[in-house]
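> structure of the sequence below:
(2 chains)
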There are 2 protein chains.
Amino acid sequence: MGRYELEYPRDATNLIKRHGERGSYALEKIHSLINSAQILHVSFNPPDSPFPVILPMIGQMGSFDRPSASLGDPLDVYLHGYVSARIFNTGRAAGSQGMPVCVAASHVDGLVLALSAFNHSYNYRSAVLFGHATIVDDEEEKLFAMQLITDSVVPGRWQNTRLPPTRAEMQSTSILRVKIASGSAKIHEGSAVDDKHDLANEDALNSIWTGVVPVYTAMGSPLPGPHNRVELPEYASEFLDQFNQESKEHSIAAAKKE
Amino acid sequence: MGRYELEYPRDATNLIKRHGERGSYALEKIHSLINSAQILHVSFNPPDSPFPVILPMIGQMGSFDRPSASLGDPLDVYLHGYVSARIFNTGRAAGSQGMPVCVAASHVDGLVLALSAFNHSYNYRSAVLFGHATIVDDEEEKLFAMQLITDSVVPGRWQNTRLPPTRAEMQSTSILRVKIASGSAKIHEGSAVDDKHDLANEDALNSIWTGVVPVYTAMGSPLPGPHNRVELPEYASEFLDQFNQESKEHSIAAAKKE
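Down below sits the predicted model:
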């Protein structure tokens, strides 16, 4: 719809210096990598530690003020999961501007095996966002984020759970909202690239296998829990089939990229 | 062999506060989670940025001084991959003690779907290490780390590449060594756990599917590169078969855990 694709401005924080040609600053690309990651890694600096801390969390991008916003629009990251007392308190102490965080999403798409070990690499898609995290206090916004995140695990799941949430559930759930300051993505695709001198090395060429082993995330057959009474519903089975097909196909397409 | 299992001491940095029963401080468990992760997330604080930065990197644990050390022994993390000028310079500026970093490894093993959205979770295995990173200057140690890391991608690969490394390869490669200060792991397994009041809710039980969707990493059929002349060697095909079998089986076993 838009006449141009929005990009995060480049600065010292988000600039891709090495292999700059693999970099992207487009909101849509970065946001879609974040949204399609099953797990995000979130880093922050607790006030009492010499080390930055990384927590694995589940999250999703969205706009509470404009729920119809598309992936290429300015969005916030909503994070849920293991929100420790520490990140919680750090977030609160940071006040309204929020706690500086980095959010990373990484997809491994293949093992790239070259003649020389030093030319080995991965096919991958990675994105990072930098921003300020605050705790969401508003109940409506919390609900918005919980639905967003639940539906990111299995689309349509929220409407197919026991609703509405209880008071205890709402109170015991904490959601972080990250206002984005900048971000970037880095993508590597294709087959093995060897140095000229290695491609002239007949011994190496006649003995070393080169190419790509596609790597992808797969979902196995769903295992009903001890209290389950129902057949796997269509919204879930269709999602799993589509996920498995796209996940595998993507890794192969990445390997075949020229 | 040992009479006891070594653990990292618990302190404010590595203590698992929430769901402490899921935590582990055993070196062997933490190190094996790091070593089996295809990608590690490494966080550090660049001197010129208000935000911590996360880089996806490839790494592996080992001991250069005692190569025969086992997984449960004190080890260093060797990191390779996208080492930007920034992390490089930060590492050098930090001097001999090194740059404080956090290294995270996360494996998603399943989507746990409960009656209430608020009882949804993942089966997962995650580990973090905290330590000080320095650049490896010694050529022998660099070689040791390169072999360690190459063989972690496909066991036996190092000996089956073009050797020895050229002077240019050694010079253009940078390896970070992280001396570990502490670490911890957190693991979640099992099927959906619902609240009592939900398990007494006949409407919910008769309409909502509950259980686990196993999630695992899979390797596809290797795609030979444009210059490849040889059949896929046994060391690679055997590794891929074993990886695929263990990866899938582990996700199912995690779901079935009581």
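
> after the least confident helix or strand in chain A by mean pLDDT, which helix or strand is next?
When the helices and strands of chain A are scored by mean pLDDT, DSSP states H and E, helix A:85-93 comes last with a mean of 63. Using DSSP states H and E, the helix or strand that follows helix A:85-93 in sequence is strand A:99-113.

> tell me if that next one is near chain B.
Yes. Strand A:99-113 lies within reach of chain B by Cβ under 8 Å from any Cβ of the partner chain, at A:100, A:101, A:102, A:103, A:104, A:106, A:108, A:111, A:113. All C-beta spots, glycine's among them, are computed from the backbone N, C-alpha and C.

> neighbouring strands - and their directions - for that strand?
Next to strand A:99-113 in the sheet, as set by DSSP bridges, lie strand A:40-44 (antiparallel), strand A:121-135 (antiparallel), strand A:211-219 (antiparallel).

> ranking the ones you listed by burial, who's on top?
Counting by mean count of other Cβ atoms under 10 Å in any protein chain shown, strand A:40-44 has the highest mean neighbour count of the strands paired with strand A:99-113, with a mean of 27.

> now do it, average pLDDT.
Average pLDDT, strand A:40-44: 97.

> what's the distance between residue A:22 and residue B:53?
17 Å (Cβ to Cβ, to the nearest Å).

> can you pull the buried residues of the lengthiest helix in chain A?
Ranked by number of residues, the top helix in chain A under DSSP state H is helix A:234-256. Of the residues in helix A:234-256, A:236, A:239, A:240, A:243, A:244, A:247, A:248, A:250, A:251, A:252, A:254, A:255 count as buried by neighbour count, 16 or more other Cβ atoms under 10 Å in any protein chain shown.

> ok, those vs chain B, which is closest?
Chain B has its nearest neighbour among the buried residues of helix A:234-256 in residue A:255, at 4.9 Å by Cβ to the nearest Cβ.

> list the contacts of that closest one.
Residue A:255 makes contact with A:109, A:110, A:123, A:189, A:190, A:191, A:211, A:212, A:214, B:223, according to Cβ atoms under 8 Å, 6 or more residues apart in numbering or on different chains.

> measure residue A:167 to chain B for me?
Using Cβ to the nearest Cβ, to the nearest Å, residue A:167 is found at 11 Å from chain B.

> returning to that earlier point: with pLDDT added, can I get the buried residues of helix A:234-256 in TSV?
Listed next are the buried residues of helix A:234-256 as TSV, based on pLDDT from 0 to 100:
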residue	pLDDT
A:236	98
A:239	98
A:240	98
A:243	98
A:244	98
A:247	98
A:248	98
A:250	98
A:251	98
A:252	98
A:254	98
A:255	97
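
> quick check: pLDDT value at residue A:74.
On the pLDDT scale, residue A:74 is placed at 96.

> quick one: contacts for it?
A:6, A:27, A:63, A:180.

> list only buried entries from these.
With neighbours counted by 16+ other Cβ under 10 Å, these contain buried members at A:27, A:180.

> just the ones of the contacts of residue A:74 in helices?
Residues from those lying in helices, with DSSP H as the criterion: residue A:27.

> dump the contacts of residue A:74 to TSV, plus pLDDT and distance to chain B.
Shown next, in TSV, are the contacts of residue A:74 (pLDDT from 0 to 100; distance: Cβ to the nearest Cβ, whole Å):
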residue	pLDDT	distance to chain B
A:6	94	20
A:27	96	18
A:63	98	21
A:180	97	11
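
> which among the contacts of residue A:74 gets closest to residue A:78?
Using Cβ to Cβ, residue A:63 comes nearest to residue A:78 of those, at 10.0 Å.

> if we ignore the residues flanking it in sequence, what's nearest the closest one?
Closest residue in space to residue A:63, ignoring its immediate chain neighbours: residue A:69 at 4.0 Å, by Cβ to Cβ, 6 or more residues apart in numbering or on different chains.

> now residue A:38
Closest residue in space to residue A:38, ignoring its immediate chain neighbours: residue B:108 at 5.0 Å, by Cβ to Cβ, 6+ apart.

> contacts only, for the one you found.
Residues in contact with residue B:108 (Cβ under 8 Å, 6+ apart) are A:38, A:39, A:217, B:122, B:123, B:124, B:215.

> and those residues, which is closest to residue B:135?
Nearest member of the contacts of residue B:108 to residue B:135, counting by Cβ to Cβ, is residue A:39, at 29.4 Å.

> ramachandran angles for that closest one?
Note on residue A:39: its backbone torsions stand at phi -140, psi 140 [degrees, to the nearest 10].

> please look at it and residue A:57 and confirm they touch.
Yes. Residue A:39 lies in contact with residue A:57 (Cβ atoms under 8 Å); the separation is 7.4 Å.

> got the contact list for residue A:104?
Taking Cβ under 8 Å, 6+ apart, one finds A:40, A:41, A:42, A:43, A:126, A:127, A:128, A:129, B:41, B:54, B:56 in contact with residue A:104.

> taking strand A:99-113 as reference, get the angle to the helix or strand hosting residue A:30.
With elements taken from DSSP H and E, the one containing residue A:30 is helix A:27-35. Counting by axes from the mean of the first three to the mean of the last three Cα atoms, to 10 degrees, helix A:27-35 lies at 80 degrees to strand A:99-113.

> residue A:174: neighbour count?
Using other Cβ atoms under 10 Å in any protein chain shown, residue A:174 has 18 neighbouring residues.

> the strands paired with strand A:99-113: which one's closest to residue A:153?
The nearest among those, by Cβ to Cβ, is strand A:211-219 at 11.1 Å.

> shaky segments in the stretch 101-250 of chain A?
Along the stretch 101-250 of chain A, the model assigns pLDDT under 70 to no residue.

> apply 90 and report the result again.
A:137, A:171-173 (pLDDT under 90).

> residue A:120 - nearest residue in space that isn't next to it in sequence?
Nearest non-adjacent residue to residue A:120 (Cβ to Cβ, 6+ apart): residue A:114, at 5.4 Å.
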